[in-house]
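1. build me a structure from this.
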Amino acid sequence: MKASRILIVEDELILADDIAHLLKSWGHEVVSIVSSGEEAIRKADETCPDLVLMDIVLEGQMDGIEAAGYIKSQVEAAIVYLTAHSKKDLFERAKITEPFGYLSKPVSPEELEGTVEMALYKHKMEKQLRENEEKFRAVFENSFDAMLLTESDGQVLEANSAAARMLGRTKEELYRIGLDDFVDVSDPRLTAALEERDRTGRFMGELYLKRNDGAPFPAEVSSVVFLDSKGEKRVCDVVRDITGRKLSDEALKESEERYRKLVDLAPDGIHVSVGEIFAFANDAMAGILGVKRPDDLVGRNIFDFVHPDYCGVVRDRFKRIMSDGIPLVTEEKYVRPDGTEVEVEVAATRLTYQGRQAAQVVVRDITYRKRAEEALRESQEKYRMVVENANEAIVVARNGFATFANGKAEEIIGCSAETLRSVPFNEFIHPNDRESVTRCYHRRLSGESVSSPTCFRVIHSDGSAKWVEQRAVLINWEDCPATLNFLYDITERKKIEEELIKLEKLQSVGLLAGGIAHDFNNILTAIMGNISLAKVCTFPGDKIHERLSLAEKSCLRAQGLTKQLLTFSSGGAPVTKVSDIAGVAKGGCIAALCGSDVACEFNFPDDLWLAQVDEGQISQVFGNLLLNAIQAMPGGGSVCVTGCNVTVTEEDRLPIDPGDYLRVSVADQGIGISREHITRIFDPYFTTKCEARGLGLATAYAIINRHGGMITVDSRLEVGTTFHVYLPASKNGVQAQTDLDDLPVFGKGRVLIMDDEEPIRRLAQDVLSFLGYEVAVAEHGEQAISLYAKAKDSSDPFDVVILDLTVPGGMGGIEVVKALREVDPDIKAIVSSGYSSDPVMADHRKHLFQGVVSKPYTVRELSQVLKRVIEE
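-> Residues are numbered from 1 along each chain as shown. The predicted structure follows:
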């Protein structure tokens with residue numbers, strides 16, 4: 001405990017020392033001993049004592065009472081007087097200074113100690129009381145709340161400034177009023193409040209008070225009943241004007257109501273999550289997540305609805321919101337209980353919800369928007385793909401420039417779209433067409449109808465001209481009139497049209513050649529048939545027999561020429577038989593070598609496989625290949641023709657079926673074929689030679705393709721070219737031919753011959769009669785049908801009919817055999833024609849014939865076919 005500080009003012013020094021000694025022994029601190037009033041004032045000011053023992057009568061002009069008055073005004077100290085006098089006037093003066101005690105000299109230690117202790121205690125209590133009063137007064141006066149001290153009936157005894165301001169009165173006015181003057185007695189809560197205060201001694205609640213003008217206002221009142229120092233009942237009221245709070249509460253309530261309605265009626269989902277748990281959700285949120293009510297979400301984990309691919313996104317979003325507090329907008333995906341996926345746009349922010357940190361999330365269902373965007377992207381991508389991959393050039397022309405061009409336009413012009421956009425489009429048009437194209441462009445822009453399509457030429461970047469066909473319409477492009485142009489590259493079509501003109505001429509020649517070949521075959525048939533008939537009437541070894549054989553061979557050579565004419569005219573299907581390709585290839589090559597200065601070397605192995613071919617057509621193939629080699633070596637040279645057996649497998653990746661093939665290679669030492677041209681050499685009418693027509697290699701390609709084979713080419717410029725011909729190998733062998741094969745086969749039976757050529761009818765009748773057959777002839781189809789029907793009805797029907805395939809102006813072989821089938825379903829028929837490459841001749845059984853004999857024919861050929869058909 002801190003020692004009390006005591007100042008002794010005594011002019012009797014011995015007494016002063018004794019007192020000081022006693023005080024110190026009791027634990028007090030004596031700050032000083034002085035003997036005059038003036039000195040006492042100075043020391044008190046310096047030492048600030050807790051207690052001053054003051055002698056009333058002192059040395060000097062100032063006595064102790066006067067000095068005590070000065071000290072009390074400057075220092076907060078207790079005054080205890082020491083005096084040896086008992087004059088009444090001194091006591092009256094001393095009372096004015098409010099001393100804490102009196103000690104009469106002489107002073108006993110007990111009396112001194114008791115008085116000092118009581119004075120110090122009283123001083124301490126008064127000091128605390130004073131401090132408390134000051135604090136109370138400070139609180140009372142400076143409180144923002146109104147404070148009223150009233151009697152039990154409400155009469156105001158004390159009021160602070162806040163009360164005066166709140167009630168609109170001065171303090172003096174307040175002291176003259178009672179409870180009814182500042183409390184709204186119409187407030188229904190007032191009676192209950194007063195009863196509660198009377199019963200419990202306190203009340204706390206809301207009441208309506210009124211201002212000086214009578215206007216009521218809401219107040220929060222805290223009222224306490226207490227007894228004052230006189231034992232009388234007093235009331236302390238603390239009043240707070242809550243008008244602002246009420247307005248705020250009302251505004252808040254209205255705001256909350258508006259917010260609630262907004263949230264409840266919002267088309268977007270809104271939820272509050274504390275951690276990972278739903279704490280609140282609106283109806284729209286329930287709808288988005290596929291539950292019936294918002295309450296079905298509250299308490300559930302949000303990750304029950306988050307798509308597995310987006311769990312990381314949602315967790316990251318929540319962490320960032322909680323740590324940074326910065327609102328975030330993300331796109332996420334939810335999964336409903338039924339498995340439906342929902343695309344959503346999420347806007348989240350941090351807030352405090354029911355005293356806890358939470359995230360408020362606004363969720364917008366963008367599933368349909370996403371689908372629409374995806375559909376738009378797909379549509380745009382399809383549009384882009386269609387435009388970029390279109391076979392036609394697409395150009396938008398505006399203000400004389402190509403503001404848009406697709407890849408095909410770049411290809412046709414040979415420059416980039418950027419270049420097309422930077423140069424007026426008419427600079428890409430051929431000078432001879434520029435004026436007309438520009439004129440049509442401006443006519444379209446003016447709204448005039450322009451016929452479409454139109455054709456004109458454009459200039460490629462390499463300087464070449466290309467033909468295009470244009471279709472154009474007027475459009476609005478970026479708020480400007482423009483034309484949308486579709487350009488088709490018709491350069492090849494133009495070339496084909498030119499070639500078609502040539503083809504029509506060639507077809508005319510072909511028809512003429514076919515007609516000549518047919519008529520020539522009919523003539524050859526009569527010649528060759530009579531030679532064969534005369535030949536069988538001689539003996540082998542006779543000179544006449546030899547002469548007739550030579551004549552027959554010449555006819556056969558003439559027959560080969562007519563077959564080539566027929567192939568040229570119609571490209572008919574091959575009439576095949578198992579053949580030795582080495583001999584066929586040699587024959588075709590040797591025929592082409594006539595008159596040239598090119599040597600040909602043949603290399604064919606003895607075990608070369610056979611092939612089922614049309615010897616005439618295959619001979620023509622090798623003749624064309626050799627002719628191509630001769631043209632590639634204008635200065636002469638050597639050609640090597642080599643044959644070998646090959647087996648093609650799937651690993652070879654050749655455009656023919658796997659199996660065994662003969663490969664015949666024709667290699668020259670000519671100028672070679674450029675890479676630019678090598679892919680087109682088999683196209684009809686393609687040629688790099690001024691004197692050629694571009695049909696030789698195309699014909700060879702077509703013939704080999706019809707035989708189920710293929711033809712390829714290897715070439716190097718200035719080195720040479722090699723063609724490789726692949727033909728399917730045949731498992732059948734070539735029947736060995738003997739001298740007996742030249743002899744005709746005799747037989748018997750009735751034969752009906754239909755042919756429009758009288759020499760052929762007569763020859764056939766003579767030959768067949770010679771061979772032992774009974775023969776009837778018909779000039780046309782109707783006659784043949786009539787004769788056959790009559791014979792069928794008689795007891796002597798025909799065993800076989802030989803029908804000419806083509807009868808000008810009448811029924812041909814196909815029509816006749818169909819009609820005869822109706823008469824006799826078991827009829828045996830042989831087709832004969834000078835058109836040896838006709839499809840019917842190649843596949844006669846398909847057309848209801850059992851045999852075929854090509855004009856011109858020998859007695860042997862006719863007899864063998866006839867014998868086979870009759871015996872079937």
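
2. in the stretch 601-750 of the chain, which spans are strands?
-> 610-613, 637-648, 659-667, 710-716, 720-730, 750-754 (DSSP state E, counting those that start in this stretch).

3. most tightly packed of those?
-> By mean neighbour count, with neighbours taken as mean count of other CB atoms under 10 Å, strand 750-754 ranks first of the strands of the stretch 601-750 of the chain at a mean of 24. Where you see a C-beta, it was placed from the backbone N, CA and C, and this is true even at glycine.

4. so which elements touch it?
-> Other elements packing on strand 750-754 under the criterion 3 or more CB pairs under 8 Å, 6 or more residues apart in numbering; DSSP states H and E are helix 758-770, strand 774-778, helix 781-793, strand 800-804.

5. nearest to Arg300, out of those?
-> For these, the distance to Arg300 is smallest for strand 800-804, at 93.2 Å, taking CB to CB.

6. what about the closest one, average pLDDT?
-> Per-residue pLDDT over strand 800-804 has a mean of 90.

7. repeat for stretch 493-506
-> Averaging pLDDT along stretch 493-506 gives 62.

8. can you check stretch 337-357 too?
-> The average pLDDT within stretch 337-357 is 88.

9. what sits up against that stretch?
-> Contacts to stretch 337-357, defined as CB atoms under 8 Å, 6 or more residues apart in numbering, come from residues 269, 272, 274, 279-280, 288-291, 307, 317-318, 321-322, 325, 327-336, 358-367, 369-370.

10. in ChimeraX, select just the buried ones from those residues.
-> In ChimeraX, a selection of the buried entries from the contacts of stretch 337-357 looks like this (16 or more other CB atoms under 10 Å):
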select :269,272,279,280,288,289,290,291,307,317,318,321,328,332,333,334,335,358,359,360,361,362,363,364,365,366,370
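
11. quick one: end-to-end distance for stretch 40-59.
-> Stretch 40-59 has its terminal residues 11 Å apart, counting by CA to CA, to the nearest Å.

12. domain assignment for the chain?
-> Per the record, the chain has its domains at 5-137, 143-247, 266-371, 390-489, 581-730, 739-871, by automatic domain parsing.

13. JSON lines please, covering those domains and showing distance to Glu497.
-> Formatted as JSON lines, those follow (distance: least, CB to CB, whole Å):
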{"stretch": "domain 5-137", "distance to Glu497": "118"}
{"stretch": "domain 143-247", "distance to Glu497": "94"}
{"stretch": "domain 266-371", "distance to Glu497": "50"}
{"stretch": "domain 390-489", "distance to Glu497": "10"}
{"stretch": "domain 581-730", "distance to Glu497": "12"}
{"stretch": "domain 739-871", "distance to Glu497": "28"}
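
14. of all the strands of the stretch 601-750 of the chain, which one comes closest to Leu420?
-> strand 710-716 (37.3 Å).

15. so what's the gap between that closest one and the chain middle?
-> 45 Å (CA atoms, centre = their mean, to the nearest Å).

16. tilt between that strand and strand 659-667?
-> If you take axes from the mean of the first three to the mean of the last three CA atoms, to 10 degrees, strand 710-716 sits at 40 degrees to strand 659-667.

17. helices or strands up against strand 710-716?
-> With contacts taken as 3+ CB pairs under 8 Å, 6+ apart, strand 710-716 sits against helix 696-706, strand 720-730.

18. and the angle from it to helix 696-706?
-> Strand 710-716 runs at 140 degrees relative to helix 696-706, counting by the same axes, to 10 degrees.

19. what are the contacting residues of strand 710-716?
-> Contact partners of strand 710-716, identified using CB under 8 Å, 6+ apart, comprise 654-656, 672-673, 678, 681-682, 700-701, 704, 721-726.

20. coming back round to it: redo the helices and strands packed on strand 710-716 as a markdown table? Include mean pLDDT and distance to Ile475.
-> Below are the helices and strands packed on strand 710-716 laid out as a markdown table (pLDDT from 0 to 100; distance: least, CB to CB, whole Å):
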| stretch | mean pLDDT | distance to Ile475 |
| --- | --- | --- |
| helix 696-706 | 81 | 45 |
| strand 720-730 | 91 | 53 |
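
21. related to what we said a few turns ago, just send the strands of the stretch 601-750 of the chain back as JSON lines, with distance to Tyr175 too.
-> Shown next, in JSON lines, are those (distance: least, CB to CB, whole Å):
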{"stretch": "strand 610-613", "distance to Tyr175": "142"}
{"stretch": "strand 637-648", "distance to Tyr175": "130"}
{"stretch": "strand 659-667", "distance to Tyr175": "132"}
{"stretch": "strand 710-716", "distance to Tyr175": "129"}
{"stretch": "strand 720-730", "distance to Tyr175": "133"}
{"stretch": "strand 750-754", "distance to Tyr175": "155"}
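
22. which of the ones you listed sits closest to Gly407?
-> Closest of the strands of the stretch 601-750 of the chain to Gly407 is strand 710-716, at 31.7 Å (criterion: CB to CB).

23. direction included, what does that closest one pair up with?
-> strand 720-730 (antiparallel) (DSSP bridges).

24. how big is the angle separating the partner strand from strand 637-648?
-> Using the same axes, to 10 degrees: strand 720-730 against strand 637-648 is 40 degrees.

25. tell me how far strand 720-730 is from the chain's mean position?
-> The chain centroid and the centroid of strand 720-730 are separated by 50 Å, computed with CA atoms, centre = their mean.

26. so which residues of the stretch 151-300 of the chain form strands?
-> So, for the stretch 151-300 of the chain - with DSSP E, counting those that start in this stretch - the strands run 156-159, 202-210, 216-227, 233-241, 269-274, 277-281.

27. quick one: contacts for Leu194?
-> Contact analysis of Leu194 by CB under 8 Å, 6+ apart lists Phe203.

28. for Gly587, same thing?
-> Residues near Gly587 by CB under 8 Å, 6+ apart: Ser619.

29. can you dump the C-alpha atoms of the helix or strand hosting it in PDB for me?
-> In this structure, Gly587 is located in helix 581-593 according to DSSP states H and E. What follows is helix 581-593, C-alpha atoms only, in PDB (Å, rounded to 0.1, in the frame of the first residue of the first chain):
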ATOM      1  CA  ILE A 581       0.900 -64.200-126.300                       C
ATOM      2  CA  ALA A 582       4.400 -64.300-127.700                       C
ATOM      3  CA  GLY A 583       3.200 -65.000-131.200                       C
ATOM      4  CA  VAL A 584       0.400 -62.400-130.900                       C
ATOM      5  CA  ALA A 585       2.700 -59.700-129.700                       C
ATOM      6  CA  LYS A 586       5.300 -60.500-132.300                       C
ATOM      7  CA  GLY A 587       2.700 -60.300-135.100                       C
ATOM      8  CA  GLY A 588       1.400 -56.900-133.900                       C
ATOM      9  CA  CYS A 589       4.900 -55.500-133.500                       C
ATOM     10  CA  ILE A 590       6.200 -56.700-136.800                       C
ATOM     11  CA  ALA A 591       3.200 -55.300-138.700                       C
ATOM     12  CA  ALA A 592       3.900 -51.800-137.100                       C
ATOM     13  CA  LEU A 593       7.600 -52.000-138.000                       C
END
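
30. from Val450, how far out is Phe486?
-> Between Phe486 and Val450 the computed distance is 14 Å (CB to CB, to the nearest Å).

31. just the strands in the stretch 1-150 of the chain please.
-> Secondary structure of the stretch 1-150 of the chain, counting by DSSP E, counting those that start in this stretch: strands at 5-9, 29-34, 51-55, 78-83, 101-104, 146-151.

32. dump the ones you listed to JSON lines, plus distance to Thr491.
-> Below are the strands of the stretch 1-150 of the chain laid out as JSON lines (distance: least, CB to CB, whole Å):
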{"stretch": "strand 5-9", "distance to Thr491": "126"}
{"stretch": "strand 29-34", "distance to Thr491": "128"}
{"stretch": "strand 51-55", "distance to Thr491": "130"}
{"stretch": "strand 78-83", "distance to Thr491": "129"}
{"stretch": "strand 101-104", "distance to Thr491": "137"}
{"stretch": "strand 146-151", "distance to Thr491": "104"}
